[in-house]
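Q: Here is my input; please provide its structure:
(one chain, ligands or ions: 1)
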Amino acid sequence: MKISVIGMGAVGTEVVGHLLASTAASEIVAVDRNAEKAQAEIWDFAHTTSFIYAKNPRLIAGGWPETVNSDIVVITAGAQLERGQNRDSLVEINSKVIEDLIARTEATSPNAIVLMVTNPVDVMAQVAVAHSSFPKERVISLGTIVDTARFMRIVSEHVGIDPKNIFGYVLGDHSHTGFVPWSLCNVCGLDVDTFCALNGVAPIDRAAVRQRVLQIGLDIFAGKGNTNHGIAASVFRIIRAVAGNERSVLPVGTLLEGEYGVDGAVMSVPCVIGRRGVQKIIACRFTEEEQAAFDVSHAHVRELMALAGL
Ligand SMILES: NC(=O)c1ccc[n+]([C@@H]2O[C@H](COP(=O)([O-])OP(=O)(O)OC[C@H]3O[C@@H](n4cnc5c(N)ncnc54)[C@H](O)[C@@H]3O)[C@@H](O)[C@H]2O)c1
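A: Residues are numbered from 1 along each chain as shown. Reported below is the predicted structural model:
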C-alpha cells in the first residue's frame, strides 16, 4: 500500500513510525510545507529499517507529485493549538488549510481513503467532503477513536484487566461534548456495574470516568505541548483495518445522512471499517440519557459547522 502522510509534525512523524514497524505500507510519502523537516524525518526513519522488522518500504520525502495514487492519505497538517486555546478555536484557520489540502489530494489520489486528523477533526472531515468529490465513505474523521482508547485504558486500570478486553466507545464528537454510551459498554461480556459487583471491584463512577477521558488530552497537552502517541496509534489502527479489509467496528467520524436522526453532519458512531473505508454505519439503541448527550454533541458540531461556513 502507498500511504502518504501530510504534515510531519508531532502526529505525522509518529504515524510514520507505526507504519514502518508494520507490514501494511510498501511506500510511505512524507509531505510538509517545511520540506527540510520532512526530508530529515525520512532520512532518520530510513536508519531504523536495518534493525526493526519491516517490509523495507520505499521512504520518500516530497511534495504532492510524489503522493500520486496513494491508497491512503493521512492529513495531519494545519495549525496546532497554542496553550490556552481549545480545539474549536482552530476551525476557521484550519478550514482554509483543509480546503486546499483536499483539493490537492483529489488531484493526485482520487481513489484514496482520507484519514482526517487535523482539528477540530469532525468538522475538518466535513470540510473535506464538502470541498471535494470524495464519497463520504472514503473521508474518515479520527473522531472519538482516541477518546475511546483513553476510555478503554481508564476503565481497564479500574478493573485491572487489559484494555483490549474492555468493550465500549466514546461517541459524539472529539470535544468536551463526547459521551460514553454506557448501555453499550461491557467488560468480558458483563455490563460494567455487574462486572464490578461480581468481581470484587469498586463500582465505577461513570461521571468521573467521562470527565477523566475528556480531560486527559488537555492534561497531556499542558504537559508537553501536543498529544501524539494515542492519536498516531489510532490512525494506525484504522490503517490496519483498511489494509486488511478487516470489517472491524471502530468509533470514527463519518457524514451522517439520516442515521441517528442526524442529516448532514460528521459525527462519531460505530462504523465498520474495511478496504472501502466506512463500509457500514452500525445502528445502536441509546437510552434516553445517551440520546440527550448525543444531541448536545450534535448541537456543538453544528456550531462549528457554522464557523466553517458549512
Ligand atoms: N484528532 C485528534 O485526536 C488529534 C490529536 C492530536 C492532534 N490533532 C491535530 O492534528 C494537527 C497536527 O498536530 P501536530 O501536533 O502534529 O502539530 P504540529 O504543529 O507538530 O505539526 C503540524 C505540521 O503541519 C505542517 N503544515 C502546516 N500547514 C501545512 C500545509 N498547508 N501543508 C503541509 N504541511 C503543513 C507544519 O509545518 C507542521 O510540521 C493539529 O490540527 C492538531 O490539533 C488532532
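
Q: interface residues of the stretch 151-300 of the chain facing the ligand?
A: Counting by C-beta under 6 Å from any ligand atom, the stretch 151-300 of the chain comes close to the ligand at 174, 226-228, 231. For glycine as for every other residue, the C-beta is placed from the backbone atoms N, C-alpha and C.

Q: Show me which of these are buried.
A: Buried by 16 or more other C-beta atoms under 10 Å: 174, 227-228, 231, out of those.

Q: Out of the residues you listed, which comes closest to the ligand?
A: The nearest member of these to the ligand, counting by C-beta to the nearest ligand atom, is residue 231 at 3.7 Å.

Q: SS state for that closest one?
A: Classification of residue 231 using DSSP: H, G, I helix; E, B strand; the rest coil returns helix.

Q: Name the nearest residue to it, sequence neighbours excluded.
A: Nearest non-adjacent residue to residue 231, counting by C-beta to C-beta, 6 or more residues apart in numbering: residue 146, 4.9 Å away.

Q: And for residue 247?
A: residue 274 (4.7 Å).

Q: And residue 109, by the same measure?
A: Closest to residue 109 by C-beta to C-beta, 6+ apart is residue 70, at 4.2 Å.

Q: Would you confirm that the one you found belongs to a strand?
A: No: if the criterion is three-state DSSP, then residue 70 is coil and not within a strand.

Q: Next, the contact list for it, please.
A: Applying C-beta atoms under 8 Å, 6 or more residues apart in numbering, we find residue 70 in contact with 2-4, 29, 108-109, 112.

Q: circling back to that earlier point, give me the phi and psi for the residue nearest to residue 247.
A: Here is the backbone geometry of residue 274 (degrees, to the nearest 10): phi -150, psi -160.

Q: correct me, but it touches residue 243?
A: No: counting by C-beta atoms under 8 Å, residue 274 stays clear of residue 243, with 9.8 Å between them.

Q: Serialize the residues of the stretch 151-300 of the chain next to the ligand to TSV and add fields for pLDDT, distance to residue 12 and secondary structure.
A: Shown next, in TSV, are those (pLDDT from 0 to 100; distance: C-beta to C-beta, whole Å; DSSP: H, G, I helix; E, B strand; the rest coil):
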residue	pLDDT	distance to residue 12	secondary structure
174	96	18	coil
226	93	11	coil
227	95	13	coil
228	98	9	coil
231	98	10	helix
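
Q: Turn the residues you listed into a markdown table, including distance to residue 20.
A: As requested, those are exported to a markdown table (distance: C-beta to C-beta, whole Å):
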| residue | distance to residue 20 |
| --- | --- |
| 174 | 26 |
| 226 | 20 |
| 227 | 21 |
| 228 | 15 |
| 231 | 17 |
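
Q: Nice, that's everything, thank you.
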